[in-house]
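Asker: Predicted structure and sequence below. I'll ask about it afterward.
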Amino acid sequence: MTDILTRAELFRSLHTPGSPLVLVNAWDVASARIVASAGARAVATTSAGVAWSLGVPDGDALGRDAAVGLVRRVAAAVPLPVTADIESGFGATPAEVGVTVREVLAAGAVGVNIEDARHDEGAPLRDVADQCERIAAARAAADEVGVPLFVNARVDTFLRGVAGVEETVARAGAYLAAGADGIFVPGVVDPATVRTLVEAVPAPLNVLVGPGAPTVPELARIGVARVSLGSAVAEAAYGVARRAADEAFGSGTYGALADALDYGTLNALMR
């Protein structure tokens with residue numbers, strides 16, 4: 001318990017507006033160790049990358065056991081705080097979200113992302129009251145275990161293209177009142193909008209970045225507290241696999257492999 005408490009307290013302390021925690025999201029042990037060896041202060045999983053690596057699509061298709069098993073392997077493989085993307089909680093009810101959180105904590109993670117997007121036939125986002133119950137269940141489960149879990153509430157208004165700043169801020173406030181510690185707003189990187197969110201949300205703000213987004217120093221100046229690369233790293237890795245296959249099956253050459261990590265480096269990371 002002492003070790004996980006230390007990691008949880010460290011992870012919480014890394015969320016500093018103006019000096020953002022940068023998360024290069026991993027999806028397996030090898031990617032987690034690569035990120036750690038590059039100087040990461042914490043390791044985050046990407047739900048999409050994890051799902052793809054385990055043979056299912058992203059979006060509440062992965063089972064809880066498989067997700068928790070991956071978290072356990074990653075947490076055991078790196079000497080850093082680990083935060084797990086648990087999609088919408090791997091459960092239909094708040095009570096089931098609580099079960100997921102207890103299992104994720106037992107697996108060694110000290111943070112979770114919980115999204116308010118829906119992946120069924122209903123509305124694009126969960127009802128605010130419903131999502132608040134799920135976040136409250138996550139907080140209660142962590143409190144029962146006695147670990148100060150960092151609950152990062154993802155607000156998918158911009159990502160789903162269904163609302164703007166006003167609804168995002170309203171949802172953020174409700175989720176914080178329900179027990180969230182930070183707010184994650186993917187789908188927006190416009191500096192002016194991000195600044196507005198930083199000023200309006202009374203908690204560490206997390207943004208999702210990729211090619212074309214402001215740099216980490218630029219986001220730091222705006223006051224962002226957490227910067228995530230999300231599924232983009234896994235997408236890039238799988239992009240290399242696709243280019244290598246197209247090239248080998250087409251021209252019969254191997255140029256796509258030119259910038260690969262060498263065998264010895266990768267193998268050494270697994271020891």
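Answerer: Looks like it arrived, so ask away.
Asker: Now name the helix or strand holding the closest residue to V78 other than its chain neighbours.
Answerer: In this structure, V78 finds its nearest non-sequential neighbour in A36, 4.5 Å apart by C-beta to C-beta, 6 or more residues apart in numbering. From N, CA and C alone the C-beta is placed, and that goes for glycine too. Here A36 sits within helix 29-37, counting by DSSP states H and E.
Asker: Paired strands for the following helix or strand past that helix, with orientation please.
Answerer: Counting by DSSP H and E, the next helix or strand C-terminal to helix 29-37 is strand 43-44. Using DSSP bridges, strand 43-44 pairs in its sheet with strand 82-85 (parallel).
Asker: ok, back up a step: what sits against the residue nearest to V78?
Answerer: A36 makes contact with V43, V78, P79, L80, according to C-beta atoms under 8 Å, 6 or more residues apart in numbering.
Asker: hang on, the last one in a strand?
Answerer: By that I understand L80. No. Per DSSP: H, G, I helix; E, B strand; the rest coil, L80 lies outside any strand segment and is coil.
Asker: quick one on the thing from earlier: please tell me how far the residue nearest to V78 sits from L80.
Answerer: Distance from A36 to L80, counting by C-beta to C-beta, to the nearest Å: 6 Å.
Asker: give the contact list for the residue nearest to R118 when sequence neighbours are not counted.
Answerer: Distance criterion C-beta to C-beta, 6+ apart; nearest residue to R118, sequence neighbours excluded, is R126 at 5.7 Å. By C-beta under 8 Å, 6+ apart, the residues touching R126 are S88, D116, A117, R118, R134.
Asker: so who does the most centrally placed residue in the chain touch?
Answerer: The centroid of the chain falls nearest to D85 when counting by C-alpha atoms, centre = their mean (4.4 Å). Counting by C-beta under 8 Å, 6+ apart, D85 touches N25, A44, T45, T46, S47, V50, V112, N113.
Asker: Bridged to it, which residues?
Answerer: Beta-bridge partners of D85, as defined by DSSP bridges: N113.
Asker: same deal with F184?
Answerer: In beta-bridge terms (that is, DSSP bridges), F184 pairs with R154, N206.
Asker: ok, it touching A153?
Answerer: Yes. The criterion here is C-beta atoms under 8 Å, and F184 meets it with A153 at 6.7 Å.
Asker: out of these two, which sits in the more crowded spot?
Answerer: Ranked by neighbour count (other C-beta atoms under 10 Å), F184 and A153 place A153 first, with 29 against 24.
Asker: contacting residues for that one?
Answerer: A153 makes contact with I114, D116, Q131, I135, A172, Y175, L176, A180, G182, I183, F184 under the criterion C-beta under 8 Å, 6+ apart.
Asker: Can you list the low-confidence ranges for the chain?
Answerer: Scanning the chain for pLDDT under 70 picks out the ranges 1.
Asker: Okay then, goodbye and thanks.
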